[in-house]
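>>> Next comes the sequence, and after it the predicted model I'd like to discuss.
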Amino acid sequence: MVCIKDLVPAASNNINTQFILLDKGMPTIEGPERVCLALVADETAAVHFQFWGGECDAFEKGDIIRLSNGIFSFHKGKLLLRAGKRGKIEKIGEFTMLFVETPNLSEITWSPDLADRTRYVQGAILSPHSRLFPPLP
């Protein structure tokens with residue numbers, strides 16, 4: 001299992017991790033599918049997660065989710081974690097998981113590594129927390 005703080009964007013990868021669902025936006029239509037953007041976190045960091053199709057209704061705030069063979073990459077200009085075509089997500093519990101909301105890896109700029117163009121390195125932090133799901137006052 002990889003911690004969220006250790007995620008690095010890549011065109012394809014096999015991320016196995018678990019996290020708690022903190023907030024979920026309203027579903028939108030993207031092509032033929034419904035999609036839903038969410039904020040998820042573990043004890044090390046937070047990140048935006050994209051649900052597809054029936055996944056939008058299958059998970060609620062407070063659910064603890066295991067992701068197998070996931071992807072952390074740019075999708076339509078947004079950096080997010082998702083299951084992708086080969087990945088799988090499943091609910092493994094609810095409400096009892098330590099988490100932090102900062103840093104949010106989706107709010108960091110990433111640049112190609114000059115030594116290895118297939119890798120990315122962290123750049124500036126746009127915001128320490130999610131601008132889509134701001135922290136509660």
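It's in.

>>> Show me what counts as buried in stretch 85-95.
Residues of stretch 85-95 classed as buried by neighbour count (16 or more other CB atoms under 10 Å): G87, I89. Any C-beta I mention is one placed from the backbone N, CA and C, and that applies to glycine too.

>>> what does that stretch contact?
When contacts are defined by CB atoms under 8 Å, 6 or more residues apart in numbering, stretch 85-95 is touched by residues 15, 18, 20, 55, 58-59, 62-71, 83.

>>> Using the three-state scheme, assign D116.
Classification of D116 using DSSP: H, G, I helix; E, B strand; the rest coil returns coil.

>>> one step back: mind checking which of the contacts of stretch 85-95 are in helices?
With helices defined by DSSP state H, the entries of these inside them are E55, A58.

>>> Quick check on the contacts of stretch 85-95: which are buried?
Buried members of the contacts of stretch 85-95, counted by 16+ other CB under 10 Å: 15, 18, 20, 55, 59, 63-71, 83.

>>> Identify those among the residues you listed that sit within strands.
I15, Q18, I20, D63, I64, I65, R66, L67, S68, N69, G70, I71 (DSSP state E).

>>> Relative to D57, how far out is the second one?
In this view, Q18 and D57 are 21 Å apart by CB to CB, to the nearest Å.
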